[in-house]
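Asks: my questions concern the predicted model and sequence given below.
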Amino acid sequence: MPRQSEEDDYYYDNSSSSADAISIAGLSLALSYENAAIDRLEKRLQESIVPEVKQKIKQHLQQTREQQQRLKDRINALGGGEMEPFVEKGRLPIPEPPRSLKMMIESNSSEKEREVWESLNDLINERAEAIMYRGGIQALELLKADKKTIKALQKNLKEEEAFGDWLEKNNPKIARKLMTKQMQDKKQRKKKKRGEPIQEQDKDVEAISATVT
Ligand SMILES: [Fe+2]
């Protein structure tokens, strides 16, 4: 019956354009977080004191730039080239301690302790990104949204998961290495003060470093 078919067409057009609108909103949201993630990764690349972490951050910074481009390309494709991709930065989901506690931690922490704090924030951030992409993919699948957009999000998700897995596996080893080294340095300084002979650095520290993969 023609009337019914018109209604079907109307329903189909309407629901597909609303899936596109939701996709554009979701892609823009993801882009706003990736825009903020670039800033954080650049800062961490400058500040990290662990060569293995620096190397991984450098690699993920490059991936994040590609992720931004992937999101922008999908926004443009769904908006028919008329959309301006989002340039603003979202707020990263890193825990914010109370001000007084934050000041206390920052003023009393050594460089190595700060590295351990920040490596936890790296992990929280990558896991949060993965959760966001997983939820977004699920929502777009339910809406039967554009397949290329879902594929782009899946590619981003894979990269977030891989970096998150690396951090989860290596953060504890790196923290142990840093804290062991800190304790050794403290001991050496005390010995030096007392005029006692200073020993060579413990070989265990180098061994832990070699286990980072
Ligand atoms: Fe990431």
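Replies: That came through, no problem. Numbers count the residues shown, from 1 in each chain.
Asks: low-confidence ranges, the chain, go.
Replies: Applying pLDDT under 70 to the chain flags residues 1-16, 199-211, 213.
Asks: switch the cut-off to 90
Replies: Low-confidence segments of the chain (pLDDT under 90): 1-21, 79-87, 97, 102, 104-108, 189, 191-213.
Asks: for Gly136, give its distance to Gln68.
Replies: Using Cβ to Cβ, to the nearest Å, Gly136 is found at 15 Å from Gln68. For the C-beta atoms, the positions are set from N, CA and C on the backbone; glycine is no exception.
Asks: how close does Lys56 get to Glu159?
Replies: To Glu159, Lys56 is 12 Å away according to Cβ to Cβ.
Asks: quick one: which of Gly136 and Gln68 has more around it?
Replies: When Gly136 and Gln68 are compared for neighbours, Gly136 comes out ahead with 22 against 19, by other Cβ atoms under 10 Å.
Asks: and the lengthiest helix in the chain, what does it pack against?
Replies: Ranked by residue count and defined by DSSP state H, the top helix of the chain is helix 147-194. Packing partners of helix 147-194 (3 or more Cβ pairs under 8 Å, 6 or more residues apart in numbering; DSSP states H and E): helix 2-47, helix 51-78, helix 111-142, helix 203-210.
Asks: could you export these as CSV, including distance to Pro172?
Replies: As requested, the helices and strands packed on helix 147-194 are exported to CSV (distance: least, Cβ to Cβ, whole Å):
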stretch, distance to Pro172
helix 2-47, 18
helix 51-78, 13
helix 111-142, 9
helix 203-210, 10
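Asks: who wins for proximity to Lys193 among those?
Replies: Evaluated over those, closeness to Lys193 peaks at helix 111-142, with 20.4 Å, by Cβ to Cβ.
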